[in-house]
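Q: my questions are about this predicted structure, shown below with the sequence.
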Amino acid sequence: MPIRPNILLILNDDMGYSDIGCFGGEVDTPNLDRLAAHGVRFTQFYSTARCSPSRASLLTGLHPHQTGIGVLTYDQGPEGYPGNLNKNCITIPEVLKNSGYRTYMSGKWHIARDLRQPSDAWPKQRGFDHFYGTIIGAGSYFDPNTLTRDNENIESEALSDEDFYYTDAISDQATRYIREHSQDNPDVPFFLYVAYTAPHWPLHAREEDAAKYEGRFDVGWDRLREERMRRMVDMGIIDRSWKLTDRDPTQPEWEAAENKEWLLRCMQVYAAQIDSMDQGIGRILGMLEETGQLENTMIIFLSDNGACAEPIPEDVDPDELVDSLAIARRHTRKGEEVRFGNDPSIIPGQENTYQSYGVAWANLSNTPFRLYKHWVHEGGIATPFIVHWPQGIHDKGSLRHTPAQLTDVMATVLEASGAVYPESYQGNKILPLEGQSLLPVFGRDTLERGTLYWEHEGNAAVRSGKWKLVRNYPGPWELYDMEQDRTEMNDLAQQYPEQVVKMSALYWAWAKRCGVIPREKILDIIKNSAAKAFWEEE
């Protein structure tokens, strides 16, 4: 019987399609580039448009609505979904653990509603032998909320360590897991899920990492987008015939932009966050080599959605971030007051700041596509996807243009490991797996697969063959030929109305089957809830 591979699944947070070096970007990512050079890159891999739904789909092989997480995890929207991983899905670690694997996680969870009290949607209760990380979806990199080991809150560890930086902590814990597993369970395969928060806002980085990028982005977002596009074409990632999308219409050309020093610093810190992650991945790879496990470890890397254009307004209410959302601290570990919002007089990067890098830089991060996280146009859902597996991939450094999405990861892991997806688990009926294995695509670019679907906050899409039907809610359906126009510049909906009818019917059938709540109903829920709250206050 073949030796079953270890599985290392690495997910990062809110990073654009083309930020890393091996996808055309300016950020130094030698370790990810190394994985790409000795593995395969998928150029048309898709996440969902938001953090929590992507994590739910990635770990279960289902569409996020089927798992109970259609939008986020807060039980205060209300958004119409429970916001809690349900019991009609099974996670990768649960399946692999039943098949004899040891299972570990380091990083961001963000698929449980309860943030402080362990629940049946927490990592330990969903298949992980050991967990280190945060339950919440965002926060300070120097003092994160909900830092947890297994089921125990350990926020005091960050408070007592002046050198604590969350990205490093995630990497170092993952490295320890590998070393300890090699010592204690040398003949047992492992599954390790490493879920970074980098480069999700707030812009927090070690100064030595940020300083490295001084001058790197000085020519501005317009020229950098053009330069990235050329590199991506030369790499074969982007077809030469596809056009670079226009600059986001809300943003000025670089030469006319104000506060350039602050803007450049924002992008430098963002790049530093990715750089720090890549350094940590290097340490993880080093431990795999040291323990003799690199050759038989399938490593998968991807981002959870496209780049994030969310601004943090200068007048943002700290109470909302600190108390309602639990994603920030009012004070640093030394007692300094945290200054919230994208105020150009405040230089980002330090623990006493809380800022984001904004629309124009997110537009660069998603080169050559348009739109961002939240939307299901290419800028919101296209992600870099790298697979490295020396014993399973022989066409090293190659590209794969076959479309794929998050639901395929579970199916791929199952085929590689020999684990069996169950019909029931712990007395609960489990929904059938939605994805298909990508193992055949490792060997050759098949370009054949079933229909792909997305929905987030009313934004919806269907991809079938070369066609993609997509809408920016509440706007009309748009239709694109993805072979000729993947950057979605030429809407063909008026030219091919029969295709729109056919694909929209596919979408609504899928939405009904998978429990997608129509956005109109959710808005009614929110409206009625707000009215109820108003009268209760009165």
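A: Thanks, I have the structure now.
Q: now do the same end-to-end measure for stretch 304-321.
A: For stretch 304-321, the first-to-last residue distance is 22 Å (C-alpha to C-alpha, to the nearest Å).
Q: without its sequence neighbours, what residue ends up closest to the residue most central in space within the chain?
A: Taking C-alpha atoms, centre = their mean, the centroid of the chain lies closest to residue 304, which sits 1.2 Å from it. In space, residue 304 comes closest to residue 54 once its chain neighbours are excluded; the distance is 4.0 Å by C-beta to C-beta, 6 or more residues apart in numbering. Yep, even glycine has a C-beta here, placed from its N, CA and C like the rest.
Q: can you pull the contacts of the residue nearest to the centre of the chain?
A: Neighbouring residues of residue 304 by C-beta atoms under 8 Å, 6 or more residues apart in numbering: 11-14, 47-48, 50-51, 54-55, 58, 383.
Q: list the buried ones in stretch 57-65?
A: Using 16 or more other C-beta atoms under 10 Å as the test for burial, stretch 57-65 gives 57-65.
Q: so for that stretch, mean pLDDT?
A: The pLDDT scores in stretch 57-65 average 97.
Q: stretch 101-116 too?
A: Stretch 101-116 comes out at a mean pLDDT of 95.
Q: now that stretch: buried residues?
A: 101-113, 115.
Q: for stretch 242-251, same thing?
A: Judged by neighbour count using 16+ other C-beta under 10 Å, the buried positions of stretch 242-251 are 242, 244-245, 247-248, 251.
Q: with stretch 35-53 instead?
A: Those would be 35-36, 39-53, for stretch 35-53 by 16+ other C-beta under 10 Å.
Q: could you list which of those belong to strands?
A: In this view, the buried residues of stretch 35-53 that belong to strands under DSSP state E are 40-46.
Q: from those residues, pick the one nearest residue 448.
A: The nearest member of these to residue 448, counting by C-beta to C-beta, is residue 44 at 12.6 Å.
Q: picking that back up, as JSON lines, the buried residues of stretch 101-116 with distance to residue 316 and secondary structure would be great.
A: Formatted as JSON lines, the buried residues of stretch 101-116 follow (distance: C-beta to C-beta, whole Å; DSSP: H, G, I helix; E, B strand; the rest coil):
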{"residue": "101", "distance to residue 316": "43", "secondary structure": "coil"}
{"residue": "102", "distance to residue 316": "43", "secondary structure": "strand"}
{"residue": "103", "distance to residue 316": "38", "secondary structure": "strand"}
{"residue": "104", "distance to residue 316": "36", "secondary structure": "strand"}
{"residue": "105", "distance to residue 316": "31", "secondary structure": "strand"}
{"residue": "106", "distance to residue 316": "30", "secondary structure": "strand"}
{"residue": "107", "distance to residue 316": "26", "secondary structure": "strand"}
{"residue": "108", "distance to residue 316": "22", "secondary structure": "strand"}
{"residue": "109", "distance to residue 316": "25", "secondary structure": "coil"}
{"residue": "110", "distance to residue 316": "21", "secondary structure": "coil"}
{"residue": "111", "distance to residue 316": "26", "secondary structure": "coil"}
{"residue": "112", "distance to residue 316": "25", "secondary structure": "coil"}
{"residue": "113", "distance to residue 316": "24", "secondary structure": "coil"}
{"residue": "115", "distance to residue 316": "21", "secondary structure": "coil"}
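Q: need these in JSON lines with distance to residue 393, can you?
A: Shown next, in JSON lines, are those (distance: C-beta to C-beta, whole Å):
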{"residue": "101", "distance to residue 393": "21"}
{"residue": "102", "distance to residue 393": "24"}
{"residue": "103", "distance to residue 393": "23"}
{"residue": "104", "distance to residue 393": "23"}
{"residue": "105", "distance to residue 393": "25"}
{"residue": "106", "distance to residue 393": "25"}
{"residue": "107", "distance to residue 393": "25"}
{"residue": "108", "distance to residue 393": "28"}
{"residue": "109", "distance to residue 393": "29"}
{"residue": "110", "distance to residue 393": "30"}
{"residue": "111", "distance to residue 393": "29"}
{"residue": "112", "distance to residue 393": "34"}
{"residue": "113", "distance to residue 393": "38"}
{"residue": "115", "distance to residue 393": "39"}
